[in-house]
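Enquirer: here's my sequence, what's the structure:
(one chain, ligands or ions: 1)
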Amino acid sequence: MTGYGRSFALWREAAGAWDDYVRHPFVQGLGDGTLPRDGFLRYLVQDYRFLIHFSRAWALGAAKAGTLAEMRACIATVDALVNHEMPLHIRICAEAGIPAETLETTPEAPGNLAYTRYVLEAGYSGDFLDLLAALAPCVLGYGEIGARLAREGAADSPYRDWIATYASEDYQRTCREVGALIDAAVAARLGDAPETLPRWRELAGRFATATRLEAAFWNLGLEN
Ligand SMILES: Cc1ncc(CN)c(N)n1
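Expert: Sure, this is the predicted structure:
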């Protein structure tokens, strides 16, 4: 078990494509080092664009939050994305000779547009829970992937920096805090037995859609 909370555990179990996401061939290639470098860099440039929009979506979470504690949790996640995760992308790309300008100007791939706008739309047209359910696979899936690849021993992988970022205590703490935020937000709005309500199915549906979009996102690094 990941320790990222009860809602996540139930939504993860119900999301048909969860294994397609966390055990995608791209992920296996990161772990065993067989992923071609050019595909990794192509993914990373797209992911930089992705994280810009995801940071915006978490900032929208702060706007939609119902309490100061919820607001703080959203802002802490924006900080983790902007100040801890994105510098990894900037550094690896700089080392590979990809300038910061390229990160800013590369057009977003259709799969990237689809995913980021789906999540933002969940926040614009839905409430705080809709937004959290759409955001959860992103943060927590990478936490699960990073922890597993590190456990399986990726010390020799050329992608060990990437793996170490998501396996790190900082990232894992963010995952635990996001899991706790979701559970508390669900309990405050839906009570003690949320899974008995029709609303729960809608939220699980949002999580499942975002999971499918995550699985498809890895293909950006495998397609030419
Ligand atoms: C597509 C995607 N999903 C999730 C993460 C982890 N924040 C990410 N960097 N990129």
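Enquirer: how about stretch 39-51, does it get close to the ligand?
Expert: Yes: among the residues of stretch 39-51, 47, 50-51 lie within reach of the ligand under CB under 6 Å from any ligand atom. Yep, even glycine has a C-beta here, placed from its N, CA and C like the rest.
Enquirer: show me how to select, in PyMOL, the buried members of these.
Expert: A single PyMOL command is used to select the members of the residues of stretch 39-51 next to the ligand judged buried by 16 or more other CB atoms under 10 Å:
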select buried, resi 47+50+51
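Enquirer: output the residues of stretch 39-51 next to the ligand as JSON lines; include the columns secondary structure.
Expert: Formatted as JSON lines, those follow (DSSP: H, G, I helix; E, B strand; the rest coil):
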{"residue": "47", "secondary structure": "helix"}
{"residue": "50", "secondary structure": "helix"}
{"residue": "51", "secondary structure": "helix"}
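Enquirer: which single one of the residues of stretch 39-51 next to the ligand is nearest to residue 15?
Expert: residue 50 (19.4 Å; CB to CB).
Enquirer: any low-confidence regions in this structure?
Expert: Low-confidence segments of the chain (pLDDT under 70): 1-2, 224.
Enquirer: residues from it in reach of the ligand?
Expert: Residues of the chain lying close to the ligand (CB under 6 Å from any ligand atom) are 47, 50-51, 85, 138-139, 142, 214, 217.
Enquirer: helices of the protein, start to end?
Expert: For the chain, the helices defined by DSSP state H occupy 6-14, 18-22, 25-32, 37-64, 68-80, 86-95, 100-105, 110-125, 128-151, 160-167, 169-190, 198-218.
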